Structures are given as structure tokens and as C-alpha cells.
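# sequence first, then the predicted structure:
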Amino acid sequence: MPWKLSKRLKDAYRGSNVARRVQDFEGWIERATPEAVDSGDYDHALLVKDYYDLYNEIMVWSWGESLHFAPLASHETLEDSKIRHQRLMIDKLDIKPGMAVVDIGCGIGGPMRRVVRESGARVVGININKIQLEKAKKLNAEAGLDHMVDYLACSFMDMSVIEDNTFDRGYAIESTCHAPDKQSAFEEIFRVLKPGALFWGQEMCLTDKFDPNDSRHKDIKRNLKRGIALKDIATFGEVNQALEAAGFQIIEGVDRGVSEGEGSTPWYQPMEGRHGMLGNVLFRLPQGRRAMVAGAKLAEMVRFFPKGTAEVFRFMDWTADAYVEGGKTGIFTPLYCFLARKPE
């Protein structure tokens with residue numbers, strides 16, 4: 001309901017200058033120079049935290065509690081497709097009751113709740129964003145699952161409070177794509193997993209169709225980086241190389257965003273057409289997103305939305321267009337899924 005979204009946005013923004021924060025965020029690529037990184041003036045992990053501070057509530061409102069893409073089937077809602085995808089992950093990881101599982105970059109815990117309900121495992125959620133962690137705790141408590149979950153507010157780049165060889169299984173769904181150094185992220189995950197443990201990841205990647213000499217391809221890549229807070233976008237091969245350099249053995253790596261047969265639907269379809277009618281379909285559709293930007297401006301005038309909210313909607317509309325363009329050209333996928341093992 002709009003009034004619930006209004007309250008959540010006011011709680012999330014707490015009177016801050018939202019429009020200025022969006023403007024500052026939009027310019028992050030220009031600030032992320034090697035000199036700024038070396039001097040400590042730019043920290044990509046903190047930028048990702050700010051990204052979710054700004055956009056989390058509208059993401060949840062428009063996309064649901066599981067903030068990830070999934071392979072789509074024409075007969076399914078978007079939510080059904082996400083559930084099927086999470087069940088595939090649980091099956092691939094062979095999660096058993098009583099196992100200790102780490103959720104790397106757990107968001108607000110949508111997949112976590114599926115793992116706990118259907119496997120009986122205990123999960124530790126890792127997240128640098130405290131707003132998302134508090135939301136995860138609330139939703140887990142409402143679902144009666146809080147006794148099965150622990151939380152750690154830290155970057156997955158440094159989980160030093162966790163001992164070596166702690167977890168039986170691990171997964172990272174659209175989280176390590178935000179890592180400033182992918183190999184270092186995988187090395188830290190490798191460290192906290194037990195020997196023989198399985199690790200599932202879902203990465204946003206450039207496909208083999210990406211041409212670094214094509215100006216349009218380069219523009220799409222830059223737009224995606226800017227809109228999703230990705231320091232870079234790896235290829236499938238670069239993800240595999242980083243996994244192996246960290247010590248993992250790769251069992252499989254599949255782009256599950258590739259359409260398979262007549263019953264499949266492009267992964268970006270919910271942002272372009274009426275696929276998966278569950279949830280706030282209005283905001284997923286291009287016309288609806290434009291209408292929400294205009295509506296948010298009016299809502300700001302009567303103080304129903306915090307001032308600057310329209311800029312948040314505008315930026316998310318622009319990012320959705322970038323996703324669709326990346327998907328339509330075939331140069332980008334958010335669904336490179338791998339299964340790897342830490343050797344015995």
C-alpha cells in the first residue's frame with residue numbers, strides 16, 4: 001500500500017537530503033579513480049552500503065523480499081520463478097538439517113528464509129547494510145524463523161570475526177558482483193568454509209557477446225555499472241579464474257539467464273512487459289515507472305513522500321532501462337550461476 005511505502009521511506013531516509021544523495025551516488029564512477037582508491041578517499045564497499053540505503057525500500061516494494069533475478073517460465077509469476085530458483089540452489093548445495101550455512105550479502109533474507117524452512121539448516125547472514133539486516137531480523141521473527149538465524153554486520157571482504165573452517169555450505173546471490181576485488185572476496189569465503197564444503201554463487205556478468213570495441217556495448221556496460229554499483233562487470237571466465245585462484249574447484253558454471261525452449265521467458269521481461277503479475281507490476285512496466293516518477297513529485301509536494309523520493313524513482317527507472325538494454329543485446333546476464341567446492 002502507498003501509505004506503507006511512505007512510512008518506510010521516511011524511516012529509511014530520516015530527513016536526509018535524498019536528492020543530493022542520489023546526485024552524489026550517480027557521480028561515483030567519476031570519483032572512483034585509482035588515485036582516490038589508493039589514497040583511501042574512495043571505498044567501494046561503503047558506496048554499495050549507501051546504494052542499498054537509498055534504494056532498498058523501493059526495490060522490496062517493487063520486486064519482493066527476494067532481491068534477485070531468476071530464470072523465468074511463461075506459466076509462472078516472478079515470485080514462483082524465484083522460489084523455483086532458490087530450490088534449485090538448495091538442491092545443488094545438498095543442504096541437510098543441522099548444517100551451518102553462510103549467506104554472503106543476505107539482503108533482507110528472502111532466500112535465507114527459504115533455506116531455513118526447506119532444509120532445516122542454521123544460517124548466518126552477512127551484510128554490511130544495517131538497514132537491510134534489521135529488516136531481515138523483523139521478517140525472520142514474523143516468519144517464526146529467528147531462532148534458526150544469526151546475523152553479522154560486516155563486509156564479506158573481511159569476516160575476520162568468523163573462525164576458519166566454520167560453515168558446511170555457503171551461497172552468494174548477486175552480492176559478490178559488488179566486490180571491489182572478486183578474488184579477495186572468494187578467498188575470504190573460502191577461508192570460512194569447511195574442507196569439502198560447497199559454495200553456490202550467482203554473478204552479474206558480461207557474456208561472450210560483449211565486444212569491448214563496440215561503443216554501444218561500452219555505453220551499456222558503463223550504465224549498468226553506474227546503476228547497480230558495480231566496480232566492474234566480470235566475464236564468465238574471469239569469475240571462474242577468481243574462484244580457482246582462491247582455491248575452489250569449480251563443479252559447474254551455467255548462464256541460467258539463457259532461454260531454454262518455448263516455455264521460457266527472458267530474465268528482463270518483468271521490467272518490460274506483463275510477465276509475473278504478482279506484486280507492484282505498475283512500477284515494473286516502463287509506463288508505470290514514468291508515472292511513478294511524476295506521482296512521487298506530487299507526493300513530495302504534500303509531504304506524503306520525503307523530498308527527493310522522485311529522484312530515487314527516476315534513477316531506478318533509468319537503471320531498469322539499462323538492465324533491459326543489456327539483456328536485449330545479449331551482452332549481460334545477472335544469472336551466471338556456479339557451484340564450487342573447497343577441497344578436502
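Perfect, thanks for sending it.

# helices of this protein, residue ranges please.
2-13, 18-26, 28-31, 34-39, 44-63, 78-93, 110-119, 130-142, 182-192, 215-228, 236-246, 281-284, 286-301, 309-329 (DSSP state H).

# what's the least confident stretch among those?
Comparing mean pLDDT across those, the weakest is helix 281-284, with a mean of 54.

# ok, now which ones touch residue 184?
residue 157 (Cβ atoms under 8 Å, 6 or more residues apart in numbering). For glycine as for every other residue, the C-beta is placed from the backbone atoms N, C-alpha and C.

# any idea how far residue 191 is from it?
11 Å (Cβ to Cβ, to the nearest Å).

# try residue 148
24 Å.

# please apply the same query to residue 39.
From residue 39 to residue 191 the distance is 28 Å (Cβ to Cβ).

# of the two, who's got more company?
residue 191 (17 against 9; other Cβ atoms under 10 Å).

# wait, the more buried one sits on residue 160?
No: using Cβ atoms under 8 Å, residue 191 is not in contact with residue 160, being 9.3 Å away.

# can I get the helices of the chain in JSON lines with distance to residue 101?
Listed next are the helices of the chain as JSON lines, based on distance: least, Cβ to Cβ, whole Å:
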{"stretch": "helix 2-13", "distance to residue 101": "28"}
{"stretch": "helix 18-26", "distance to residue 101": "32"}
{"stretch": "helix 28-31", "distance to residue 101": "32"}
{"stretch": "helix 34-39", "distance to residue 101": "33"}
{"stretch": "helix 44-63", "distance to residue 101": "22"}
{"stretch": "helix 78-93", "distance to residue 101": "8"}
{"stretch": "helix 110-119", "distance to residue 101": "6"}
{"stretch": "helix 130-142", "distance to residue 101": "14"}
{"stretch": "helix 182-192", "distance to residue 101": "11"}
{"stretch": "helix 215-228", "distance to residue 101": "26"}
{"stretch": "helix 236-246", "distance to residue 101": "19"}
{"stretch": "helix 281-284", "distance to residue 101": "31"}
{"stretch": "helix 286-301", "distance to residue 101": "36"}
{"stretch": "helix 309-329", "distance to residue 101": "29"}
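
# between these, which gets nearest to residue 104?
Nearest of the helices of the chain to residue 104, taken as Cβ to Cβ: helix 182-192 at 6.1 Å.

# can I get the CA coordinates of that closest one in CSV?
Extracted in CSV, the C-alpha atoms of helix 182-192 (Å, rounded to 0.1, in the frame of the first residue of the first chain):
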residue,chain,number,x,y,z
LYS,A,182,36.5,-10.6,-6.6
GLN,A,183,39.4,-12.9,-5.9
SER,A,184,39.8,-11.5,-2.4
ALA,A,185,36.1,-11.9,-1.8
PHE,A,186,36.2,-15.6,-2.8
GLU,A,187,39.4,-16.1,-0.7
GLU,A,188,37.6,-14.8,2.4
ILE,A,189,34.6,-17.1,1.7
PHE,A,190,36.9,-20.0,1.1
ARG,A,191,38.5,-19.4,4.5
VAL,A,192,35.3,-19.6,6.5
